[in-house]
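Trainee: generate a structure from the sequence data that follows.
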Amino acid sequence: MSQDVVQQGVVQQGVAQQGVAQQGAAQQGAAHAELILASGSPRRRDLLVSIGIQCEVAPVDIDETPQANESPEHYVLRLAREKAQAGFAALAQRTAGQTAGWRVLGADTALALDGRILGKPRDEADAREMLLSLSGRSHQVLSGVALCHGDAGRDMRCASELVESRVTFRTITPEEAARYWATGEPADKAGGYAIQGLGAVFVSHLEGSYSAVVGLPLHETAELLSKAGVQPWQPL
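Mentor: Model (predicted):
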């Protein structure tokens, strides 16, 4: 066999391998885009990635005002479902109704103390008041997750789960609350603290799901995804 023929064969093999690699990458990229996270929270995206789930991030804008006499449990589950449904509606508009094979995940997390929802602090005074109200006590962390999938307008299905955890704080002094605010961490956190950040030093006990307190209950989310054909640890 001549050297020219050998070189030609090597080149053809290289081109073929490159084509297969490009095709595989394209298929993998398309598959990963089949799950949409209807949330701008980087923590939720990171939690999904931690169990081997890739997603497209597409936040939605909904009214998060609690309804009159609405319980914290109903509030959180309602928002999770509304986010998933709004994300699915946006997907249907973007794809001209071709939503088969796509899944849209919505989630919401809220803190509640004595039946009252604690949102993000308005300012330093509000944040310090929240922390001191949580000091030496247990509070609820409610996390809702919802998954919508199917054919838009005909067979759209939406399943949801609510997870309750209880977090207990040690005693917090006013000086500590002021120092914590100065770090900048509490400003955009529900309840005025982040368990995955500096606020962890206040937590003396946790009952329930750590990932749910961070923002997404992974056990329940994985179950919803599995039922919809998305398995952790492997491509969609």
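
Trainee: and the residue nearest the centre of this protein?
Mentor: R44 (3.0 Å; CA atoms, centre = their mean).

Trainee: which residues does that one contact?
Mentor: R44 makes contact with L37, A107, G215, L216, according to CB atoms under 8 Å, 6 or more residues apart in numbering. All C-beta spots, glycine's among them, are computed from the backbone N, C-alpha and C.

Trainee: any idea of the pLDDT on it?
Mentor: Looking at R44, its pLDDT is 96.

Trainee: before we move on, the earlier item: and the furthest pair within the contacts of R44?
Mentor: Maximum pairwise distance among the contacts of R44 (CB to CB): 11.1 Å, between L37 and G215.

Trainee: isn't there a strand covering the residue nearest to the centre of the chain?
Mentor: No - R44 is assigned helix when assessed by DSSP: H, G, I helix; E, B strand; the rest coil, not a strand.

Trainee: where's it relative to S133, distance?
Mentor: 26 Å (CB to CB, to the nearest Å).

Trainee: same check on R179?
Mentor: Taken as CB to CB, the span from R179 to S133 is 18 Å.

Trainee: who has more neighbours, the two?
Mentor: Taking other CB atoms under 10 Å, R179 and S133 do not tie; S133 has more neighbours (18 against 11).

Trainee: beta partners for the closest residue to that one other than its chain neighbours?
Mentor: Excluding the flanking residues, the one nearest S133 by CB to CB, 6 or more residues apart in numbering is L113, at 6.3 Å. Beta-bridge pairing for L113 (DSSP bridges): R116.

Trainee: separation between L113 and E164?
Mentor: Relative to E164, L113 is positioned 13 Å away (CB to CB).

Trainee: point out where this structure drops to low pLDDT.
Mentor: Counting by pLDDT under 70, the chain shows low-confidence ranges at 1-33, 153, 234-236.

Trainee: run through the helices of it in chain order.
Mentor: For the chain, the helices defined by DSSP state H cover 3-32, 42-50, 72-94, 124-134, 174-182, 210-214, 218-227.

Trainee: quick one: contacts of stretch 180-193?
Mentor: Contacts for stretch 180-193 (CB under 8 Å, 6+ apart): 109-111, 118-121, 124, 126-128, 130-131, 134, 139, 141, 194, 197-199, 202.

Trainee: so what's the residue lying closest to A100 once chain neighbours are set aside up against?
Mentor: Closest residue in space to A100, ignoring its immediate chain neighbours: D151 at 5.5 Å, by CB to CB, 6+ apart. With contacts defined as CB under 8 Å, 6+ apart, the neighbours of D151 are G97, T99, A100.

Trainee: test my guess that the first one contacts G150.
Mentor: No - the criterion here is CB atoms under 8 Å, and G97 misses it with G150 at 11.5 Å.

Trainee: neighbour-wise, which of those two wins?
Mentor: G150 (17 against 13).

Trainee: give me the phi and psi angles of that one.
Mentor: Main-chain torsions, G150, degrees, to the nearest 10: phi 120, psi -160.

Trainee: hang on, it packs against A100?
Mentor: Yes - taking CB under 8 Å as the definition, G150 is a contact partner of A100 at 7.3 Å.
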